[in-house]
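1. show me the folded form of this:
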Amino acid sequence: MSQTNLPILDLSQLNAGADAAAQFRDALRAATHDVGFFYLTGTGISPESEARLLSTARAFFDLPEADKLAIENVNSPHFRGYTRIGGERTQGRVDWREQIDIGPERDAVEWEGAPSFARLIGPNLWPEALPELREVITDWESRLREVSRRLLRAWAQSLGAEESYFDAHFGEPSTLTKIVRYPGKEDPSQGVGAHKDSGVLTLLWVEPGKGGLQVERDGEWVDAPPVPGAFVVNIGEQLEYATQGYLKATNHRVISPRFPDDRISVPFFFNPQLDRTLPLIDLPAELAAQARGVTQDPSNPIHALYGENALKSRLRAHPDVAERWHSDLLTPAR
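-> Now for the predicted structure:
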(Lines give C-alpha, C1' and ligand atoms only; values in the text may rest on other atoms or scores of the structure.)
Protein backbone atom coordinates (compact mmCIF):
# COMPACT_ATOMS: atom_id res chain seq x y z
CA MET A 1 0.00 0.00 0.00
CA SER A 2 1.14 3.54 -0.65
CA GLN A 3 0.50 6.86 1.04
CA THR A 4 -2.32 7.30 -1.46
CA ASN A 5 -4.30 4.63 0.49
CA LEU A 6 -4.86 2.52 -2.64
CA PRO A 7 -2.63 0.03 -4.50
CA ILE A 8 -0.87 1.21 -7.68
CA LEU A 9 -0.77 -1.26 -10.59
CA ASP A 10 1.13 -0.89 -13.86
CA LEU A 11 -0.74 -2.25 -16.90
CA SER A 12 2.46 -2.29 -18.97
CA GLN A 13 3.61 -5.30 -16.92
CA LEU A 14 1.36 -7.39 -19.15
CA ASN A 15 3.83 -6.71 -21.97
CA ALA A 16 6.99 -7.31 -19.93
CA GLY A 17 7.20 -11.08 -20.03
CA ALA A 18 5.41 -13.99 -18.39
CA ASP A 19 6.65 -13.36 -14.85
CA ALA A 20 5.74 -9.66 -14.88
CA ALA A 21 2.32 -10.43 -16.36
CA ALA A 22 1.67 -13.03 -13.66
CA GLN A 23 2.67 -10.51 -10.98
CA PHE A 24 0.24 -7.98 -12.43
CA ARG A 25 -2.62 -10.49 -12.43
CA ASP A 26 -1.90 -11.46 -8.83
CA ALA A 27 -1.83 -7.80 -7.77
CA LEU A 28 -5.04 -7.12 -9.70
CA ARG A 29 -6.85 -9.97 -7.98
CA ALA A 30 -5.58 -8.94 -4.54
CA ALA A 31 -6.48 -5.25 -4.99
CA THR A 32 -10.04 -5.96 -6.04
CA HIS A 33 -10.56 -8.67 -3.46
CA ASP A 34 -9.26 -6.53 -0.59
CA VAL A 35 -10.21 -2.99 -1.59
CA GLY A 36 -12.18 -2.93 -4.84
CA PHE A 37 -10.17 0.13 -5.94
CA PHE A 38 -6.70 0.77 -7.31
CA TYR A 39 -4.65 3.21 -9.39
CA LEU A 40 -3.70 2.09 -12.90
CA THR A 41 -0.62 3.41 -14.68
CA GLY A 42 1.01 2.26 -17.92
CA THR A 43 -2.19 2.53 -19.98
CA GLY A 44 -0.56 4.22 -22.96
CA ILE A 45 -2.91 7.21 -22.72
CA SER A 46 -0.72 10.20 -23.55
CA PRO A 47 -0.51 13.45 -21.57
CA GLU A 48 -1.62 15.19 -24.78
CA SER A 49 -4.86 13.16 -24.84
CA GLU A 50 -5.47 14.01 -21.19
CA ALA A 51 -4.84 17.71 -21.81
CA ARG A 52 -7.21 17.69 -24.79
CA LEU A 53 -9.89 16.01 -22.71
CA LEU A 54 -9.54 18.57 -19.92
CA SER A 55 -9.55 21.60 -22.21
CA THR A 56 -12.64 20.34 -24.05
CA ALA A 57 -14.42 19.61 -20.77
CA ARG A 58 -13.64 23.12 -19.56
CA ALA A 59 -14.90 24.55 -22.86
CA PHE A 60 -18.19 22.70 -22.43
CA PHE A 61 -18.83 23.93 -18.90
CA ASP A 62 -17.86 27.45 -19.96
CA LEU A 63 -20.65 27.51 -22.55
CA PRO A 64 -23.55 29.88 -21.88
CA GLU A 65 -26.22 28.25 -19.75
CA ALA A 66 -28.69 28.33 -22.65
CA ASP A 67 -26.38 26.18 -24.78
CA LYS A 68 -26.06 23.59 -22.04
CA LEU A 69 -29.76 23.55 -21.20
CA ALA A 70 -30.55 23.03 -24.90
CA ILE A 71 -29.29 19.48 -24.39
CA GLU A 72 -30.60 18.98 -20.85
CA ASN A 73 -31.14 15.32 -20.02
CA VAL A 74 -34.75 15.86 -19.01
CA ASN A 75 -35.35 16.06 -22.77
CA SER A 76 -33.88 12.58 -23.30
CA PRO A 77 -35.81 9.44 -22.33
CA HIS A 78 -32.43 7.67 -22.53
CA PHE A 79 -30.84 9.71 -19.71
CA ARG A 80 -28.37 11.40 -22.08
CA GLY A 81 -27.22 14.98 -22.15
CA TYR A 82 -26.61 17.72 -19.61
CA THR A 83 -27.56 17.61 -15.94
CA ARG A 84 -27.62 20.98 -14.22
CA ILE A 85 -26.12 21.51 -10.74
CA GLY A 86 -28.35 19.81 -8.21
CA GLY A 87 -30.15 17.76 -10.86
CA GLU A 88 -28.92 14.36 -9.72
CA ARG A 89 -29.57 12.36 -6.55
CA THR A 90 -27.63 9.75 -4.59
CA GLN A 91 -29.54 7.97 -1.84
CA GLY A 92 -32.21 10.65 -2.19
CA ARG A 93 -29.84 13.54 -1.48
CA VAL A 94 -28.83 16.23 -3.98
CA ASP A 95 -25.41 15.87 -5.63
CA TRP A 96 -23.59 19.18 -6.09
CA ARG A 97 -22.22 18.78 -9.60
CA GLU A 98 -23.04 19.37 -13.27
CA GLN A 99 -22.30 16.88 -16.03
CA ILE A 100 -22.98 15.54 -19.49
CA ASP A 101 -23.74 11.83 -20.00
CA ILE A 102 -22.64 10.16 -23.25
CA GLY A 103 -23.36 6.55 -24.20
CA PRO A 104 -23.27 4.40 -27.34
CA GLU A 105 -24.81 6.25 -30.29
CA ARG A 106 -27.87 4.17 -31.18
CA ASP A 107 -31.35 4.58 -32.60
CA ALA A 108 -34.09 4.49 -29.97
CA VAL A 109 -35.97 1.23 -29.43
CA GLU A 110 -39.75 1.06 -29.56
CA TRP A 111 -40.83 0.61 -25.96
CA GLU A 112 -43.96 -1.43 -26.53
CA GLY A 113 -43.10 -5.09 -26.07
CA ALA A 114 -39.43 -4.38 -25.33
CA PRO A 115 -37.87 -4.98 -21.92
CA SER A 116 -37.87 -1.90 -19.71
CA PHE A 117 -34.09 -1.51 -19.86
CA ALA A 118 -34.28 -1.01 -23.64
CA ARG A 119 -35.31 2.56 -22.83
CA LEU A 120 -31.64 3.23 -22.08
CA ILE A 121 -30.82 2.73 -25.78
CA GLY A 122 -30.89 5.84 -27.93
CA PRO A 123 -29.03 8.83 -29.36
CA ASN A 124 -26.81 11.22 -27.45
CA LEU A 125 -27.44 14.94 -27.11
CA TRP A 126 -24.44 16.91 -28.38
CA PRO A 127 -23.92 20.68 -27.92
CA GLU A 128 -24.11 22.52 -31.23
CA ALA A 129 -21.85 25.22 -29.83
CA LEU A 130 -18.99 22.73 -29.23
CA PRO A 131 -18.89 20.22 -32.12
CA GLU A 132 -15.37 19.06 -31.21
CA LEU A 133 -16.73 17.42 -28.03
CA ARG A 134 -18.04 14.49 -30.04
CA GLU A 135 -14.66 13.83 -31.67
CA VAL A 136 -12.74 14.09 -28.41
CA ILE A 137 -15.06 11.73 -26.52
CA THR A 138 -15.25 9.22 -29.37
CA ASP A 139 -11.45 9.00 -29.39
CA TRP A 140 -11.26 8.81 -25.58
CA GLU A 141 -13.85 6.03 -25.42
CA SER A 142 -12.04 4.02 -28.09
CA ARG A 143 -8.81 4.11 -26.10
CA LEU A 144 -10.48 3.21 -22.80
CA ARG A 145 -12.43 0.33 -24.33
CA GLU A 146 -9.11 -1.33 -25.16
CA VAL A 147 -7.73 -0.71 -21.66
CA SER A 148 -10.92 -2.17 -20.20
CA ARG A 149 -10.74 -5.30 -22.33
CA ARG A 150 -7.12 -5.89 -21.30
CA LEU A 151 -8.09 -5.59 -17.65
CA LEU A 152 -10.99 -8.02 -18.01
CA ARG A 153 -8.77 -10.58 -19.72
CA ALA A 154 -6.24 -10.26 -16.90
CA TRP A 155 -9.01 -10.62 -14.30
CA ALA A 156 -10.33 -13.74 -15.99
CA GLN A 157 -6.93 -15.42 -15.85
CA SER A 158 -6.33 -14.29 -12.27
CA LEU A 159 -9.59 -15.98 -11.27
CA GLY A 160 -8.74 -19.29 -12.90
CA ALA A 161 -10.82 -18.79 -16.06
CA GLU A 162 -9.86 -18.63 -19.72
CA GLU A 163 -8.51 -15.27 -20.89
CA SER A 164 -11.53 -14.88 -23.20
CA TYR A 165 -14.09 -15.58 -20.45
CA PHE A 166 -15.52 -12.07 -20.22
CA ASP A 167 -15.19 -11.40 -23.94
CA ALA A 168 -17.39 -14.42 -24.61
CA HIS A 169 -20.19 -13.24 -22.35
CA PHE A 170 -20.04 -9.45 -22.73
CA GLY A 171 -21.68 -8.90 -26.09
CA GLU A 172 -21.53 -5.34 -27.43
CA PRO A 173 -20.39 -3.31 -24.40
CA SER A 174 -22.70 -0.78 -22.80
CA THR A 175 -20.42 2.16 -22.15
CA LEU A 176 -21.13 5.44 -20.44
CA THR A 177 -18.87 8.48 -20.20
CA LYS A 178 -19.66 11.28 -17.79
CA ILE A 179 -17.88 14.60 -17.99
CA VAL A 180 -18.36 16.07 -14.53
CA ARG A 181 -17.66 19.41 -12.92
CA TYR A 182 -17.81 19.83 -9.16
CA PRO A 183 -18.25 23.53 -8.32
CA GLY A 184 -16.71 24.86 -5.15
CA LYS A 185 -18.77 25.61 -2.06
CA GLU A 186 -17.98 27.75 0.97
CA ASP A 187 -18.94 24.76 3.11
CA PRO A 188 -17.86 21.65 1.15
CA SER A 189 -20.48 18.92 1.19
CA GLN A 190 -21.81 16.10 -0.99
CA GLY A 191 -20.39 16.37 -4.50
CA VAL A 192 -21.75 12.91 -5.14
CA GLY A 193 -23.02 10.73 -2.33
CA ALA A 194 -21.80 7.32 -1.20
CA HIS A 195 -22.61 4.62 -3.75
CA LYS A 196 -21.39 1.53 -5.57
CA ASP A 197 -21.23 1.43 -9.35
CA SER A 198 -23.92 -0.75 -10.92
CA GLY A 199 -21.85 -2.36 -13.67
CA VAL A 200 -18.53 -4.16 -14.10
CA LEU A 201 -15.65 -1.72 -14.41
CA THR A 202 -15.02 2.01 -14.01
CA LEU A 203 -11.97 3.96 -15.21
CA LEU A 204 -11.88 7.42 -13.63
CA TRP A 205 -9.73 10.26 -14.91
CA VAL A 206 -9.36 13.15 -12.45
CA GLU A 207 -8.02 16.63 -13.10
CA PRO A 208 -4.43 16.75 -11.80
CA GLY A 209 -4.05 18.12 -8.30
CA LYS A 210 -7.76 17.97 -7.49
CA GLY A 211 -8.79 15.81 -4.53
CA GLY A 212 -12.22 14.99 -3.15
CA LEU A 213 -12.66 11.30 -4.00
CA GLN A 214 -12.99 9.09 -0.93
CA VAL A 215 -13.20 5.30 -0.69
CA GLU A 216 -14.67 3.32 2.19
CA ARG A 217 -12.13 0.99 3.81
CA ASP A 218 -12.88 -0.97 6.98
CA GLY A 219 -15.73 1.36 7.85
CA GLU A 220 -13.64 4.52 7.41
CA TRP A 221 -13.47 7.04 4.57
CA VAL A 222 -9.97 7.42 3.10
CA ASP A 223 -8.84 9.95 0.52
CA ALA A 224 -7.92 8.83 -3.00
CA PRO A 225 -6.13 11.85 -4.49
CA PRO A 226 -5.19 11.78 -8.18
CA VAL A 227 -1.85 10.20 -9.14
CA PRO A 228 -0.15 11.74 -12.22
CA GLY A 229 -0.61 9.56 -15.29
CA ALA A 230 -2.95 7.16 -13.51
CA PHE A 231 -6.61 6.26 -13.63
CA VAL A 232 -8.57 5.35 -10.53
CA VAL A 233 -10.16 1.97 -11.23
CA ASN A 234 -12.95 0.26 -9.36
CA ILE A 235 -15.21 -2.70 -9.93
CA GLY A 236 -18.99 -2.58 -9.84
CA GLU A 237 -21.80 -4.75 -8.56
CA GLN A 238 -21.86 -7.02 -11.60
CA LEU A 239 -18.31 -8.25 -11.02
CA GLU A 240 -19.08 -8.77 -7.34
CA TYR A 241 -22.08 -10.85 -8.41
CA ALA A 242 -20.12 -12.91 -10.97
CA THR A 243 -17.55 -13.84 -8.29
CA GLN A 244 -20.16 -14.25 -5.54
CA GLY A 245 -18.43 -11.62 -3.48
CA TYR A 246 -14.82 -12.71 -3.94
CA LEU A 247 -14.24 -9.41 -5.71
CA LYS A 248 -15.65 -6.41 -3.91
CA ALA A 249 -17.71 -3.46 -5.13
CA THR A 250 -16.86 -0.64 -2.75
CA ASN A 251 -18.71 2.44 -1.59
CA HIS A 252 -17.15 5.72 -2.67
CA ARG A 253 -18.09 9.40 -2.68
CA VAL A 254 -16.81 12.84 -3.67
CA ILE A 255 -16.60 15.84 -1.36
CA SER A 256 -17.11 19.11 -3.22
CA PRO A 257 -14.12 21.50 -3.45
CA ARG A 258 -13.90 24.64 -1.38
CA PHE A 259 -14.91 27.80 -3.26
CA PRO A 260 -13.52 29.28 -5.50
CA ASP A 261 -11.89 26.03 -6.61
CA ASP A 262 -13.67 23.46 -8.76
CA ARG A 263 -12.83 20.00 -10.11
CA ILE A 264 -13.23 18.15 -13.40
CA SER A 265 -13.45 14.36 -13.53
CA VAL A 266 -14.36 11.95 -16.31
CA PRO A 267 -15.54 8.47 -15.32
CA PHE A 268 -15.82 5.82 -18.03
CA PHE A 269 -18.07 2.84 -17.30
CA PHE A 270 -17.48 -0.41 -19.20
CA ASN A 271 -20.34 -2.86 -18.90
CA PRO A 272 -21.96 -5.82 -20.68
CA GLN A 273 -24.68 -5.59 -23.29
CA LEU A 274 -27.93 -4.63 -21.56
CA ASP A 275 -29.52 -8.04 -22.12
CA ARG A 276 -26.53 -10.02 -20.84
CA THR A 277 -25.91 -11.70 -17.50
CA LEU A 278 -22.37 -12.40 -16.44
CA PRO A 279 -22.41 -16.08 -15.47
CA LEU A 280 -20.91 -17.07 -12.14
CA ILE A 281 -17.21 -17.83 -12.39
CA ASP A 282 -16.20 -21.28 -11.23
CA LEU A 283 -13.46 -20.09 -8.88
CA PRO A 284 -10.58 -22.33 -7.81
CA ALA A 285 -11.27 -23.87 -4.40
CA GLU A 286 -8.80 -21.64 -2.53
CA LEU A 287 -10.48 -18.51 -3.94
CA ALA A 288 -14.03 -19.79 -3.58
CA ALA A 289 -13.36 -20.33 0.13
CA GLN A 290 -12.75 -16.58 0.44
CA ALA A 291 -15.90 -15.48 -1.43
CA ARG A 292 -18.04 -13.43 0.94
CA GLY A 293 -21.31 -13.73 -0.93
CA VAL A 294 -23.10 -10.93 -2.76
CA THR A 295 -23.94 -7.89 -0.63
CA GLN A 296 -27.53 -8.05 0.59
CA ASP A 297 -29.02 -4.57 0.83
CA PRO A 298 -32.82 -4.32 0.54
CA SER A 299 -32.50 -0.66 -0.51
CA ASN A 300 -30.09 -1.58 -3.31
CA PRO A 301 -30.77 -5.03 -4.78
CA ILE A 302 -28.13 -6.31 -7.20
CA HIS A 303 -29.74 -7.67 -10.38
CA ALA A 304 -27.94 -10.37 -12.35
CA LEU A 305 -29.10 -8.93 -15.69
CA TYR A 306 -27.03 -5.84 -16.40
CA GLY A 307 -29.85 -3.86 -18.03
CA GLU A 308 -32.01 -4.19 -14.91
CA ASN A 309 -29.17 -3.03 -12.69
CA ALA A 310 -28.41 -0.07 -14.96
CA LEU A 311 -32.04 1.04 -15.20
CA LYS A 312 -32.39 0.80 -11.42
CA SER A 313 -29.54 3.24 -10.99
CA ARG A 314 -30.68 5.72 -13.64
CA LEU A 315 -34.26 5.93 -12.41
CA ARG A 316 -33.02 6.55 -8.89
CA ALA A 317 -30.39 9.14 -9.83
CA HIS A 318 -32.56 11.23 -12.19
CA PRO A 319 -36.09 11.44 -10.77
CA ASP A 320 -37.07 14.27 -13.13
CA VAL A 321 -36.24 12.20 -16.20
CA ALA A 322 -37.95 9.19 -14.65
CA GLU A 323 -41.14 11.10 -13.94
CA ARG A 324 -41.31 12.69 -17.38
CA TRP A 325 -40.61 9.61 -19.48
CA HIS A 326 -40.96 6.52 -17.32
CA SER A 327 -43.73 7.14 -14.80
CA ASP A 328 -45.15 3.69 -15.61
CA LEU A 329 -42.04 2.17 -14.07
CA LEU A 330 -42.47 4.20 -10.89
CA THR A 331 -46.13 3.46 -10.21
CA PRO A 332 -47.01 -0.04 -8.92
CA ALA A 333 -49.41 -1.92 -11.18
CA ARG A 334 -52.99 -2.09 -9.87
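2. for the rest of this, base every contact and every neighbour count on C-alpha atoms.
-> OK.
3. which residues in the stretch 51-200 of the chain form helices?
-> Residue ranges of the helices in the stretch 51-200 of the chain, as given by DSSP state H, counting those that start in this stretch, are 65-69, 132-158, 165-170.
4. any idea which helix or strand carries Asn234?
-> For Asn234, the host element (DSSP states H and E) is strand 231-235.
5. rewinding a little: closest one to Pro260 among the helices of the stretch 51-200 of the chain?
-> Minimum separation from Pro260 across the helices of the stretch 51-200 of the chain (CA to CA) falls at helix 65-69, 19.1 Å.
6. the helices of the stretch 51-200 of the chain: which one's closest to Arg258?
-> Checking the helices of the stretch 51-200 of the chain against Arg258 by CA to CA gives helix 65-69 as the closest, at 22.4 Å.
7. who touches that closest one?
-> Residues outside helix 65-69 that contact it (CA atoms under 8 Å, 6 or more residues apart in numbering): 60-61, 82, 84, 127-129.
8. please identify the buried residues of it?
-> 67-69 (16 or more other CA atoms under 10 Å).
9. same deal with stretch 220-235?
-> Buried-residue list, stretch 220-235, by 16+ other CA under 10 Å: 222-227, 229-235.
10. likewise stretch 150-157?
-> Neighbour-count burial for stretch 150-157, counted by 16+ other CA under 10 Å, picks out 151-157.
11. out of those, which one sits closest to Arg314?
-> Closest to Arg314 out of those is Leu152 (24.4 Å), distances taken as CA to CA.
12. so the closest one sits against Phe166, correct?
-> Yes: with contact defined as CA atoms under 8 Å, Leu152 reaches Phe166; the gap is 6.5 Å.
13. tell me where the model's unsure across the chain.
-> 1-4, 331-334 (pLDDT under 70).
14. any chance you could map the strands in it?
-> Under the criterion DSSP state E, the chain carries strands at the ranges 8-10, 37-41, 81-83, 88-90, 93-95, 98-102, 174-182, 190-195, 201-206, 213-217, 220-223, 231-235, 252-255, 263-271.
15. save the ones you listed as TSV, and put in distance to Glu308 too.
-> Formatted as TSV, the strands of the chain follow (distance: least, CA to CA, whole Å):
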stretch	distance to Glu308
strand 8-10	32
strand 37-41	24
strand 81-83	21
strand 88-90	18
strand 93-95	22
strand 98-102	19
strand 174-182	13
strand 190-195	17
strand 201-206	17
strand 213-217	25
strand 220-223	29
strand 231-235	18
strand 252-255	22
strand 263-271	12
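16. point out the most buried one among the ones you listed.
-> strand 81-83 (a mean of 26; mean count of other CA atoms under 10 Å).
17. in stretch 113-120, which residues are buried?
-> 117-120.
18. same check on stretch 282-301?
-> For stretch 282-301, a neighbour-count test (16+ other CA under 10 Å) marks 283, 288, 291, 294-295 as buried.
19. want to throw those into CSV with distance to Glu172?
-> As requested, the buried residues of stretch 282-301 are exported to CSV (distance: CA to CA, whole Å):
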residue, distance to Glu172
Leu283, 25
Ala288, 29
Ala291, 28
Val294, 25
Thr295, 27
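20. just to revisit the earlier point, closest to Ile102 among the buried residues of stretch 113-120?
-> Closest to Ile102 out of the buried residues of stretch 113-120 is Leu120 (11.4 Å), distances taken as CA to CA.
21. much appreciated, bye for now.
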